[in-house]
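A.B. asks: pasting the sequence and the predicted coordinates here, then a few questions.
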Amino acid sequence: MFVATLVASGSMGQGDIAEATGRLAAAGCTPVDGVWLDEGKAADIFFGTDPVTARAVLTDIGEAIDVIVQPAATREKALLIADMDSTMITVECIDELADYAGIKPQIAEITERAMRGELDFAGALNERVALLKGLPDSAIDQCRAERVRIMPGAKALVRTMKARGARTLLVSGGFTRFTDPVAEEIGFDANVANVLEIANGALLGTVATPIVDAARKLAELEAAIAGGVDRALTLAVGDGANDIPMIQGAGLGVAYHAKPKTRAAAAAEIVHGDLSVLLYAQGIGSAQWVRD
């Protein structure tokens, strides 16, 4: 049995569920039942066959409705592995840090191309960090305090999953000076990121090796699986090209307001809503969320 979870960024009605059920029936997916998770906001439609076709026929259902299709039996996950920049927080930290050096447009262009998969990630990271050489170390803390904001739904997602027994891991191609406090604020069990090299109160323009790149993100997922987590019970979410391997390796890999290559590679995506969509996808209605 499979389940298609429909989540509206605004609201939806019984007509949207009926249309979705009709599309599934017409496509031969044998819909069985439709139930509200939160009336007017999120609903499940259970069906018997062909999840790939089901996702295709439901992609443009309704107005501003996200749809996630997956096996029903393994929908609640035991591991969350998540990107940070533009996923768990609303900004790209290196771009905001560059603003304090007066070079944000130059660095943001490189970031955008790297996240689209047009540049080698390690090369692009080294190039951007080199441009920050000499920036006072104090600018990092100032940037974090002034610019970093937690993505809507992030705290509820992580805290609810942890309360239900899941492990949560933040894995970022960014920097530990940002991931350490962000992971603590949201509630992640652990975090992995790059280390900016600093001396005499200023950035040296380098990062410690090995770099946390796409391969490292996938390796963290595989290590958790080797440690006893069923792959089918893993959830990975990110927005950039460097997230693709871990998204493809997870039981449910989700592209979150993502770049085109990431969207194309993912088995599920969130286009309209926030990270709370991933709680609905696990069959967890808002009455069961752990809030701030």
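C.D. replies: Ah, there it is.
A.B. asks: please make it C-alpha for all contacts and neighbour counts, starting now.
C.D. replies: Noted.
A.B. asks: tell me where the stretch 151-292 of the chain has strands.
C.D. replies: Along the stretch 151-292 of the chain, counting by DSSP state E, counting those that start in this stretch, strands occupy 167-175, 190-194, 196-199, 202-207, 234-238, 252-256, 268-270.
A.B. asks: what strands flank the first one, and is each parallel or antiparallel?
C.D. replies: Think strand 167-175. Within its sheet, strand 167-175 is paired with strand 79-82 (parallel), strand 190-194 (parallel), according to DSSP bridges.
A.B. asks: hmm, back to that, will you turn the strands of the stretch 151-292 of the chain into JSON lines that also has mean pLDDT, mean neighbour count and distance to Val129?
C.D. replies: Formatted as JSON lines, these follow (pLDDT from 0 to 100; neighbours: other C-alpha atoms under 10 Å; distance: least, C-alpha to C-alpha, whole Å):
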{"stretch": "strand 167-175", "mean pLDDT": "97", "mean neighbour count": "23", "distance to Val129": "10"}
{"stretch": "strand 190-194", "mean pLDDT": "98", "mean neighbour count": "20", "distance to Val129": "11"}
{"stretch": "strand 196-199", "mean pLDDT": "97", "mean neighbour count": "15", "distance to Val129": "8"}
{"stretch": "strand 202-207", "mean pLDDT": "97", "mean neighbour count": "19", "distance to Val129": "5"}
{"stretch": "strand 234-238", "mean pLDDT": "98", "mean neighbour count": "28", "distance to Val129": "22"}
{"stretch": "strand 252-256", "mean pLDDT": "98", "mean neighbour count": "27", "distance to Val129": "25"}
{"stretch": "strand 268-270", "mean pLDDT": "97", "mean neighbour count": "23", "distance to Val129": "30"}
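A.B. asks: tell me which of these sits nearest to Ile68.
C.D. replies: Shortest distance between Ile68 and these, using C-alpha to C-alpha, is found for strand 268-270: 5.6 Å.
A.B. asks: list the helices and strands the closest one packs on?
C.D. replies: strand 65-71, strand 252-256 (3 or more C-alpha pairs under 8 Å, 6 or more residues apart in numbering; DSSP states H and E).
A.B. asks: okay if I get the strands of the stretch 151-292 of the chain as TSV plus distance to Thr49?
C.D. replies: Formatted as TSV, the strands of the stretch 151-292 of the chain follow (distance: least, C-alpha to C-alpha, whole Å):
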stretch	distance to Thr49
strand 167-175	30
strand 190-194	37
strand 196-199	49
strand 202-207	48
strand 234-238	22
strand 252-256	18
strand 268-270	17
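A.B. asks: can you dump the C-alpha coordinates of stretch 192-209 into CSV?
C.D. replies: What follows is stretch 192-209 as a C-alpha-only set of coordinates in CSV (Å, rounded to 0.1, in the frame of the first residue of the first chain):
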residue,chain,number,x,y,z
VAL,A,192,28.8,18.1,10.6
ALA,A,193,30.3,21.0,8.6
ASN,A,194,33.5,22.6,7.4
VAL,A,195,35.9,24.4,9.8
LEU,A,196,37.1,27.9,8.9
GLU,A,197,40.8,28.4,9.6
ILE,A,198,41.4,31.5,11.8
ALA,A,199,44.5,33.0,13.3
ASN,A,200,45.1,36.3,15.1
GLY,A,201,41.4,37.2,15.1
ALA,A,202,41.0,37.0,11.3
LEU,A,203,40.0,34.4,8.6
LEU,A,204,43.0,32.9,6.9
GLY,A,205,41.0,32.3,3.7
THR,A,206,41.1,28.5,4.0
VAL,A,207,39.1,25.7,5.4
ALA,A,208,40.3,22.5,7.1
THR,A,209,40.4,19.3,5.0
